[in-house]
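Asks: The following block contains a protein sequence and its predicted model.
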Amino acid sequence: MIDRCGQGQSGSTQQSASSGKDGSGQLDTVANESGRDSSPRGKSASTVPGVEPERHLQQANVTQTSRDSLDEVLDEIRERGAPLGDLEVRRIKETVAARLEEVEEQLRLDVREQSLQKQRGMVPAPVQRLFARLRGLIRPKIGMLRHYPPRPLRVDSAYLTAGPPVPAPTISIVTPSFGQGRFLERTLYSVLEQHYPMLEYVVQDGGSTDETLDVLDRYDARLTSWTSEPDDGQADAINRAFSYTSGELMAWLNSDDILLPGALAFVAQYFATHPDVDVVYGNRILIDENDNEIGIWVLPRHDDRAVTLADYIPQETLFWRRRIWESAGGRVDPTFGYALDWDLLLRFREAGATMVRLPRFLGGFRVHDEQKTSVDHALGVRECDQLRERVHGRPVGVDEIVRGLRPYLRRHVLAHMLQRIDDRLPRSRQNAQIRPPEPQLTASKNDG
């Protein structure tokens with residue numbers, strides 16, 4: 001579910017097994033306001049009244065601002081593991097600038113065209129369709145869970161060759177689980193097949209009665225430990241699992257999500273070379289029930305203001321140092337049933353954490369119909385409003401959230417557009433293997 005927090009949630013324990021990801025809620029409101037997608041649904045274009053010229057002028061000005069700040073985003077592209085050459089950067093800049101100039105000019109021309117059409121009483125259907133496409137170019141994609149039809153999940157070949165630092169810090173990962181047996185093996189496989197040398201991996205299951213126990217039995221030798229017993233919800237399961245760990249770096253991965261190849265080595269390498277950083281996260285790939293890619297969330301640089309208004313940080317890509325975990329209370333707050341990850345992030349912030357967005361896809365967020373529940377959405381609205389009031393000292397209305405997030409979302413739109421161009425560059429890519437070969441043989445602990 002996309003909620004008033006801004007984050008989709010994965011259900012993985014007894015109390016939250018079906019928490020939603022259905023795309024409803026305040027985040028879509030924020031994205032629509034920022035992207036100004038004003039075309040009514042369910043009407044033919046020929047009967048839709050024209051958008052006011054002032055709205056298109058505002059879109060044009062937004063696009064011009066985005067074009068002017070393109071250099072900042074290109075600097076972020078250079079931070080990636082395989083930096084782009086000057087010639088390649090210039091070509092990307094010229095391509096994107098030309099695209100944005102076209103959008104900007106078309107929006108300004110539309111103001112004049114609409115004025116003429118308004119005199120004739122209506123806007124033709126082709127014009128409406130044209131501007132619907134243009135609006136799509138500048139509409140935020142974070143908050144949307146299905147961007148395009150399913151396609152094979154592919155990653156940059158460099159992801160598969162990333163190596164950990166020497167010495168490698170211990171990474172402690174926990175997976176809270178309940179009733180997600182059909183996805184659990186893919187979650188475990190995505191972590192264990194990275195062959196990270198210093199890994200603690202603990203699964204805390206809430207007493208599942210589906211195929212979960214069969215999966216855990218098959219992976220018993222490769223897990224640090226696992227338990228299946230009743231718990232008091234997702235936060236309780238996470239806290240129990242972390243109590244069995246001691247690693248310097250920490251993360252939790254829900255039982256229907258995945259880590260992308262090389263993520264652990266990349267994160268460990270970054271922490272090793274940036275000792276002042278406490279928390280990192282990255283971009284997310286949206287996947288369906290069959291592990292196909294259906295969208296991406298490309299995030300701009302970390303924005304401390306934005307994180308107090310909405311939780312856009314992909315939970316499955318979040319890693320942190322144990323020192324900040326201890327400083328923030330050393331637990332996930334069990335009083336939250338929905339916004340527990342945002343609460344943890346805000347407590348990290350209150351503890352003085354230095355947070356960094358890594359310019360890399362780190363995790364896959366699974367979208368499936370079982371997670372749609374109106375009950376969980378209502379809970380999410382209450383909890384996220386509660387967190388905003390805690391941070392700001394007062395209730396925060398939708399209009400203020402929209403205004404506060406608009407600069408962040410504009411930077412996101414540029415980052416997303418650059419990523420799509422980068423995806424079209426001639427670069428070696430491979431299918432991501434996140435499903436084990438059949439049958440998956442049980443390995444011994446000595447197999448590594």
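Replies: Received it, and whenever you're ready, just let me know what you need.

Asks: tell me the domain boundaries of this structure?
Replies: The chain resolves into domains spanning 37-137, 154-398 when parsed by automatic domain parsing.

Asks: can you put those domains in CSV and add mean pLDDT and distance to residue 427?
Replies: Any C-beta I mention is one placed from the backbone N, CA and C, and that applies to glycine too. As requested, the domains of the chain are exported to CSV (pLDDT from 0 to 100; distance: least, Cβ to Cβ, whole Å):
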stretch, mean pLDDT, distance to residue 427
domain 37-137, 60, 8
domain 154-398, 95, 6
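
Asks: mind putting these in JSON lines, distance to residue 407 and mean neighbour count included?
Replies: Converted to JSON lines, the domains of the chain look like this (distance: least, Cβ to Cβ, whole Å; neighbours: other Cβ atoms under 10 Å):
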{"stretch": "domain 37-137", "distance to residue 407": "9", "mean neighbour count": "15"}
{"stretch": "domain 154-398", "distance to residue 407": "8", "mean neighbour count": "20"}
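
Asks: Columns distance to residue 410 on top of those domains, output as CSV?
Replies: Formatted as CSV, those follow (distance: least, Cβ to Cβ, whole Å):
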stretch, distance to residue 410
domain 37-137, 6
domain 154-398, 9
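
Asks: of all those domains, which lies closest to residue 417?
Replies: Distance to residue 417, taken as Cβ to Cβ, is lowest for domain 37-137 among these, at 6.1 Å.

Asks: Could I get the pLDDT score of residue 10?
Replies: Here, the pLDDT recorded for residue 10 equals 44.

Asks: quick one, helices of this structure?
Replies: Along the chain, counting by DSSP state H, helices occupy 26-35, 53-68, 70-78, 86-119, 125-137, 181-192, 212-218, 234-242, 263-273, 322-327, 340-350, 374-392, 398-423.

Asks: what's the shortest one in contact with?
Replies: By that I understand helix 322-327. 172, 247, 248, 249, 250, 278, 279, 348, 351, 352, 353 (Cβ atoms under 8 Å, 6 or more residues apart in numbering).

Asks: again, 7 Å this time
Replies: Helix 322-327 is contacted by residues 247, 248, 250, 278, 279, 348, 351, 353 when judged by Cβ atoms under 7 Å, 6 or more residues apart in numbering.

Asks: out of the domains of the chain, which comes closest to residue 430?
Replies: domain 154-398 (5.3 Å).

Asks: For the contacts of helix 322-327, which two are the farthest from each other?
Replies: Maximum pairwise distance among these (Cβ to Cβ): 18.9 Å, between 247 and 351.

Asks: so which of the contacts of helix 322-327 comes closest to residue 140?
Replies: Set against residue 140, the nearest of the contacts of helix 322-327 by Cβ to Cβ is residue 279 (23.1 Å).

Asks: So what pairs up with the closest one in the strands?
Replies: residue 320, residue 355 (DSSP bridges).

Asks: That one touches residue 348, doesn't it?
Replies: Yes: between residue 279 and residue 348 a contact is recorded at 5.5 Å, counting by Cβ atoms under 7 Å.

Asks: Now do the shared contacts for the two.
Replies: Common neighbours of residue 279 and residue 348 (Cβ under 7 Å, 6+ apart) are 320, 324.

Asks: Quick one: end-to-end length of stretch 321-334, please.
Replies: In stretch 321-334, first residue to last residue: 21 Å (Cα to Cα, to the nearest Å).

Asks: Not counting its neighbours along the chain, what's nearest residue 239?
Replies: residue 331 (5.0 Å; Cβ to Cβ, 6 or more residues apart in numbering).

Asks: I'd assumed residue 238 was in contact with the one you found.
Replies: No: taking contacts as Cβ under 7 Å, residue 331 lies outside contact range of residue 238: 8.4 Å.

Asks: thinking again about what came up before, could you dump the contacts of helix 322-327 into JSON lines with distance to residue 409 added?
Replies: Below are those laid out as JSON lines (distance: Cβ to Cβ, whole Å):
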{"residue": "247", "distance to residue 409": "35"}
{"residue": "248", "distance to residue 409": "34"}
{"residue": "250", "distance to residue 409": "29"}
{"residue": "278", "distance to residue 409": "25"}
{"residue": "279", "distance to residue 409": "22"}
{"residue": "348", "distance to residue 409": "23"}
{"residue": "351", "distance to residue 409": "27"}
{"residue": "353", "distance to residue 409": "23"}
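
Asks: Let me know the closest of the residues you listed to residue 362.
Replies: residue 279 (12.9 Å).

Asks: Quick check: the gap between the closest one and residue 405.
Replies: In this view, residue 279 and residue 405 are 20 Å apart by Cβ to Cβ, to the nearest Å.

Asks: Residue 418 now?
Replies: As judged by Cβ to Cβ, residue 418 and residue 405 stand 20 Å apart.

Asks: Looking at those two, which one has more neighbours?
Replies: Counting neighbours by other Cβ atoms under 10 Å for residue 418 and for residue 405 shows that residue 405 has the greater number, 24 against 20.

Asks: So the more buried one sits against residue 305, correct?
Replies: No: counting by Cβ under 7 Å, residue 305 is not a contact partner of residue 405; they are 8.7 Å apart.
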